[in-house]
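Asks: got a predicted structure here, sequence first:
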Amino acid sequence: MTSETKIPNRRLDRTDIAILRQLQDNARITNAELARAVNLSSTPCFNRVRALEKLGLFRQHVTLLDAGALGLRINVFIQVRLEQQVEDALCVFEKEIADRPEVMECYLMTGDADYLLRVVVPDMQSLEHFIVQWLTKIPGVSNIRSSFALKQVRYKTALPLPIAGLTLSESSDVPQEWA
């Protein structure tokens, strides 16, 4: 779900939250297993999942692969500073980054760096190639700083959800459940 997604006012109850938790944990769970896990029968469970989908709460279904098992052993965070943080320079950089498969995440930042990238590569030679042959050649890049992850202490994809429920609203106000 992007920040531009419009969500109609709707209250998610404990069962909706339980469904979302189960699906974040295992997107391949069968409807029968999901229904059992949230104490519903199959048809009402199926209907709730479809209603949650229609609200735009599911961005996509994915399979998370093991980077190490695939030989992608270098996990590096790269801070990029641009010459100018103007709209044209930001657009150029973001367009270039969007096509790079080794860039796992990219954030426009406040503070010293304009962007923070998380890059995954198999070895130092691949990282050097990415930085020297590609990243430094993006117009407007003025500074690059890298930090290597020595160990992944925590990694998760599941978003935190309130236990009691949540009121979705079109307004930009923070829901009471998070206040």
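Replies: That came in fine, so what should we check first?
Asks: tell me where the chain is predicted with low confidence.
Replies: In the predicted model, the chain carries pLDDT under 70 at residues 1-9, 170-179.
Asks: all helices for it, in order.
Replies: For the chain, the helices defined by DSSP state H cover 14-25, 31-37, 42-54, 87-98, 124-128.
Asks: chain center to the second one: distance?
Replies: Remark: helix 31-37 is offset 26 Å from the chain centroid, using CA atoms, centre = their mean, to the nearest Å.
Asks: let me see the domain layout of this protein.
Replies: Here the domain parsing of the chain from automatic domain parsing is 11-64, 74-148.
Asks: ok, which of these comes nearest Gly165?
Replies: Closest to Gly165 of the domains of the chain, according to CB to CB: domain 11-64, at 4.8 Å. (C-beta placed from N, C-alpha, C; glycine too.)
Asks: give me the distance between the two termini of the closest one.
Replies: 30 Å (CA to CA, to the nearest Å).
Asks: apart from its chain neighbours, what residue comes closest to the residue nearest to the spatial centre of the chain?
Replies: When CA atoms, centre = their mean is applied to the chain, the residue found nearest the centroid is Thr157 (7.1 Å). Leaving out its chain neighbours, the residue that sits closest to Thr157 by CB to CB, 6 or more residues apart in numbering is Leu64, at 6.6 Å.
Asks: do the same with Leu20
Replies: Leu161 (5.8 Å).
Asks: residue contacts, that neighbour?
Replies: Applying CB atoms under 8 Å, 6 or more residues apart in numbering, we find Leu161 in contact with Ile17, Leu20, Arg21.
Asks: quick check on the closest residue to the last one other than its chain neighbours: phi, psi?
Replies: Nearest residue to Arg21 in three dimensions, chain neighbours excluded: Leu161, at 6.0 Å (CB to CB, 6+ apart). When quoted as degrees, to the nearest 10, the phi and psi of Leu161 stand at phi -120, psi 140.
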